[in-house]
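Engineer: Test case, fold it:
(one chain, ligands or ions: 1)
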Amino acid sequence: MNDSDEVGVGPWSGPWPEDDRYDPELLAEGDRRNVVDRYRYWRREAIVADLDEHRHDFHVAIENWQHDFNIGTVVRNANAFAAKAVHIVGKRRWNRRGAMVTDRYQHVHHHDTIDGFVDWAQRHELPIIGIDNLPGSVPLETTTLPSACVLFFGQEGPGLSRAARDASRLVCSIAQFGSTRSINAGVASGIAMHAWIRDHAVIPR
Ligand SMILES: C[S@@+](CC[C@H](N)C(=O)[O-])C[C@H]1O[C@@H](n2cnc3c(N)ncnc32)[C@H](O)[C@@H]1O
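Structural biologist: Predicted coordinates for the structure are as follows:
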């Protein structure tokens, strides 16, 4: 692989920048991280602080009673669409592989129980919107999501638990047309977050 095929940039050339958002080690050695160009050479804390200025008003949450392998993808999507934060409900440990280190730039909170999560959402006046293709769900495609909300995903296998459904103000389904019962929660999270983006985000021209 030649240098031009590599992701990122090599060592800084030219006068050393004064701005303390820059990381001296990255400036000296190059920045090969999976970040957008405007954050090249920035310290991680500086990137998080800048993202915090622009995060959207939706949060995402996922149940984690069986170490769901989709959580990494949910975190990566939450980072891409600038969700305010990710909430893991259930077991604390989750498989970080699919996150591709985006969890370093994302606020990830843990709630031991559904009750604890519901309590948090109520204190922050955030309606919980379940995302699942359950009986009684309404089509995501024809529903406008609230601008401030938590999108709540279930696990591979059981989907949203009974308690999670009861905690949801409404449950939205993603239309499917094939033979499979469902798509995976990681993919569903990208579709649901992008539905929020289509409803509410300011799209750069
Ligand atoms: C693999 S699904 C399992 C549950 C599904 N209710 C079933 O009957 O098979 C895991 C999670 O992905 C999300 N999901 C998968 N397919 C979906 C769809 N068509 N609409 C909305 N959410 C979906 C939901 O959050 C769901 O809890």
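Engineer: quick one: low-confidence parts of the chain?
Structural biologist: 1-4 (pLDDT under 70).
Engineer: Scan it for its longest strand.
Structural biologist: Looking across the chain with DSSP state E, the single longest strand is strand 58-64.
Engineer: Just the CA atoms of that one, as CSV, please.
Structural biologist: The C-alpha coordinates for strand 58-64 follow below in CSV (Å, rounded to 0.1, in the frame of the first residue of the first chain):
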residue,chain,number,x,y,z
PHE,A,58,-32.3,12.6,20.4
HIS,A,59,-30.7,9.8,22.6
VAL,A,60,-30.5,6.1,21.8
ALA,A,61,-30.9,3.2,24.2
ILE,A,62,-30.6,-0.5,23.8
GLU,A,63,-31.4,-3.5,26.0
ASN,A,64,-28.4,-5.6,26.9
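Engineer: Who are the packing partners of the helix or strand following it?
Structural biologist: Note on strand 58-64: by DSSP states H and E, the next helix or strand toward the C-terminus is helix 71-80. Using 3 or more C-beta pairs under 8 Å, 6 or more residues apart in numbering; DSSP states H and E, the elements in contact with helix 71-80 are strand 58-64, strand 86-90, helix 185-200. Any C-beta I mention is one placed from the backbone N, CA and C, and that applies to glycine too.
Engineer: can we see that at 10 Å?
Structural biologist: On a contact count with 3 or more C-beta pairs under 10 Å, 6 or more residues apart in numbering; DSSP states H and E, helix 71-80 meets strand 58-64, strand 86-90, strand 108-111, strand 149-153, helix 185-200.
Engineer: before we move on, back to that, and the longest strand of the chain, how far out from the chain middle?
Structural biologist: On the basis of C-alpha atoms, centre = their mean, to the nearest Å, strand 58-64 sits 8 Å off its chain's mean C-alpha point.
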